[in-house]
Structures are given as C-alpha cells and as structure tokens.
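Enquirer: just a sequence and a predicted model for now, questions to come.
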Amino acid sequence: MYRWIMLALVLGCFASAAGADESPGGKAPPSSDSESKSTKPAKPMGPGSLSEAEEERLDRIIERFIQYDIGRTSDHKSRSELEALGPEAIPALIRGLNRAATMSHSCPVSVLYKKLRSLLVEVEDERTLRFIRDNVGAGVQRSPYNSLLRDLKLATVIRSRNLEEARRAAALKGDIPGAADPYGVPGLRLKSPGEQSTPPNEEKKP
C-alpha cells in the first residue's frame, strides 16, 4: 500500500511539472522567437502605419546590427533580427541606411541596401514607393555610397512602372473595372501622356 501511495505522488509531481510547461490547450508556450514572429504584421504595411514605439523598436534592431557589422559588438543575433524584418520596417531601414551612408564603413550600407532591394518586390502601393524615393539619401551629402542610394531610387522607379503596367494589363482584361488603382491609393488614376478618360460602359460609335 505504501508503495502505491509513493508511486501516485511521484506521478503527480511529473504531471504538475508537465502542466507548468504547457498552455491550457496542451501546447508548450511559444518561445521569444515564436512570439516575435507572431507579432509581425501578416501583410506589408506602409509608412506611418506603425506606432512611435514600434518604429523605435525597429530603429534599435537596425542600430544593433550596424554596431555589430562594424565590429563594435559581438551581437550575432542582430543579423538574423535584421533579416527577419518585413516591409513594415522600410522607413526604419531607410533611416539606418542614411545613417550608415555617413560612416566610413561599407558593410552596413551594402547589407541594408540589399535588404531594401529585396523588400521592393513586396511593395504594391505607389505611396510607399514615393516615400522610398523621397527619403533614401535624405540628409546625406557627399558619400562614397551615393551610387548605391541612386540605384535604390532607380529600383523604386522601375518597380512603380512594373506595377503600372500590371494594372493596365489587368484593366485590359477587365479584371480592374475602370482601371482603378487596386493598391489602396485614394483617387490615384495613373495614365500615360495623351490618354483620354473613357466613361465606363460607353459604346464606341461606328
């Protein structure tokens, strides 16, 4: 009888320990990495969509990477944190790129440049593209990295043209009635020079 009581107590301890490591649904609580992933926006977010506190958090991530990349710290995780950033971090990445462009270290500039180039393919609204063109290189005077900054601006122009061509192609197929901008820029109607607006459903006269 004593052995059975002891066995029950031991099993009870194991059960309580397992329960402490699991959530009420029977799953282990997410780690800090999984929590950071779950808090990331599910879709691209344009400039001004984040709070000031969120922007400051992104600035800290990028600054930690810069300090690591120039050899001032040994924070190896800062590189993976930078790579995990999505389109919502574009304003912070531009601020970091502009800061790095005023320094004498080329590595942070090239990494931030490549990161922004990779995010351009996820940008689908003209407002964000204009923001990138207007702010890349802001405050940067003479810098050995001016060519990279100009290239990034050019990449946004190309991206904008590609999106416009895609909208036009979709409009010709009837996928976008009236060729309205599907990317959420109110009142935007992009037209080529000399293009005349045609009222919808208007039949051509013979």
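Expert: Received it, and whenever you're ready, just let me know what you need. The structure presented is a predicted model; accordingly, all values stated were derived computationally and were not measured. Numbers count the residues shown, from 1 in each chain.
Enquirer: quick one: buried residues of stretch 75-83?
Expert: Neighbour-count burial for stretch 75-83 flags 78, 81, 82 (criterion: 16 or more other Cβ atoms under 10 Å). (Glycine included, C-beta is placed from N, CA and C.)
Enquirer: burial count for residue 138?
Expert: Neighbourhood size, residue 138 [other Cβ atoms under 10 Å]: 10.
Enquirer: and it, how close does it get to residue 153?
Expert: Counting by Cβ to Cβ, to the nearest Å, the gap from residue 138 to residue 153 is 11 Å.
Enquirer: likewise for residue 132?
Expert: Computed as Cβ to Cβ, the residue 132 to residue 153 distance reads 7 Å.
Enquirer: re earlier: in helices, which of the buried residues of stretch 75-83 appear?
Expert: Secondary structure defined by DSSP state H assigns 78, 81, 82 of the buried residues of stretch 75-83 to helices.
Enquirer: between these, which is closest to residue 142?
Expert: The closest of those to residue 142 turns out to be residue 82 (Cβ to Cβ; 26.6 Å).
Enquirer: in this structure the closest one contacts residue 111, no?
Expert: Yes - counting by Cβ atoms under 8 Å, residue 111 is a contact partner of residue 82 at 7.3 Å.
Enquirer: quick check: neighbours shared by the two?
Expert: Shared contacts of residue 82 and residue 111, defined by Cβ atoms under 8 Å, 6 or more residues apart in numbering, comprise residue 65.
Enquirer: quick one on the thing from earlier: neighbour-wise, which of residue 132 and residue 153 wins?
Expert: The residue with more neighbours, out of residue 132 and residue 153, is residue 132; 24 against 15, by other Cβ under 10 Å.
Enquirer: and that one, how far from residue 60?
Expert: According to Cβ to Cβ, residue 132 and residue 60 sit 22 Å apart.
Enquirer: swap in residue 49?
Expert: Counting by Cβ to Cβ, the separation of residue 49 from residue 60 is 19 Å.
Enquirer: same check, this time on residue 164
Expert: With distances taken as Cβ to Cβ, residue 164 is found 36 Å from residue 60.
Enquirer: in what helix or strand does the residue lying closest to residue 137 once chain neighbours are set aside lie?
Expert: With Cβ to Cβ, 6 or more residues apart in numbering as the criterion, residue 137 has its nearest non-adjacent residue at 4.1 Å, and that residue is residue 149. If you go by DSSP states H and E, residue 149 is part of helix 146-172.
Enquirer: same deal with residue 66?
Expert: Using DSSP H and E, residue 66 falls within helix 52-69.
Enquirer: nearest to residue 100 among the buried residues of stretch 75-83?
Expert: Nearest to residue 100 among the buried residues of stretch 75-83: residue 82, at 11.9 Å, using Cβ to Cβ.
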